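Asks: show me the folded form of this:
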Amino acid sequence: EVQLVESGGGLVQAGGSLRLSCAASGFMFDDYIIGWFRQAPEKEREGISCTNVSDNVTITADSVKGRFAISSDNAKNTVYLQMNSLVPEDTAVYHCFVGYGSKCYSFNFMAYDYWGQGTKVTVSS
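Replies: Purely as a prediction, here's the structure:
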C-alpha cells in the first residue's frame, strides 16, 4: 500500500522560508511521477511541482517559480519542497502526490493516484 506522509508546515512571516517533507513508502512500480499541489481555502487545487522520476524532468507553477524547488533523497524515500520568499498567497494545505504510468507534461490531477493528508502552511503579512 502506497503511503505518503507530509510534514514541515507551520506559521511563518512573509519573506520567510519553510521546507516541507514527504515520506513515501509502499511503491511497487518504477515509472512514476511525484510532486506537490496545494489547496487554499475557497480556492481550487493548484499544482506546484511535478517530476518524472524516469528522466528527472520537472515542471513548476509560474506562481512559485524561482521561489520553490523540489528535491529528493532516494535513500530516505523522501521528497522535499523548499519554499523561499513566502507570501500570504502561499497560505494553503500542501499535499505530495504520486502517479504511475504518467508524465509531467502539465498539472493533471486525474493522473495523481495517491496523495497524503497534507501539511498546513500559513504565511502572515
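Asks: all strands in the chain, in order from the N-terminus.
Replies: Applying DSSP state E to the chain gives strands spanning 3-7, 10-13, 18-25, 32-39, 46-52, 58-60, 68-73, 78-83, 92-100, 114-115, 119-124.
Asks: list the buried residues of the helix or strand bottoming out on mean pLDDT in the chain.
Replies: Taking mean pLDDT, DSSP states H and E as the measure, strand 68-73 is the helix or strand of the chain with the lowest mean score, a mean of 92. For strand 68-73, the neighbour count (16 or more other Cβ atoms under 10 Å) marks 68-70, 72 as buried. All C-beta atoms are positioned from the backbone trio N, CA, C, and that covers glycine.
Asks: remind me which residues of this structure are low pLDDT?
Replies: For the chain, the stretches flagged by pLDDT under 70 are 28-30.
Asks: and stretch 116-125, what's buried?
Replies: For stretch 116-125, burial by neighbour count (16+ other Cβ under 10 Å) applies to 116, 118-119, 121, 123.
Asks: over to stretch 6-25?
Replies: 6, 8-9, 12, 18, 20-22, 24.
Asks: and which of these is nearest residue 60?
Replies: residue 20 (14.5 Å; Cβ to Cβ).
Asks: circling back to that earlier point, in its sheet, what does the least confident helix or strand of the chain sit against?
Replies: The pairing partners recorded for strand 68-73 under DSSP bridges are strand 78-83 (antiparallel).
Asks: send me the partner strand as PDB with only the CA atoms.
Replies: What follows is strand 78-83, C-alpha atoms only, in PDB (Å, rounded to 0.1, in the frame of the first residue of the first chain):
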ATOM      1  CA  THR A  78      11.600  11.400   0.900                       C
ATOM      2  CA  VAL A  79      10.700  14.300  -1.400                       C
ATOM      3  CA  TYR A  80      11.200  17.900  -0.300                       C
ATOM      4  CA  LEU A  81       9.700  21.200  -1.200                       C
ATOM      5  CA  GLN A  82      11.900  24.100  -0.300                       C
ATOM      6  CA  MET A  83       9.800  27.300  -0.200                       C
END
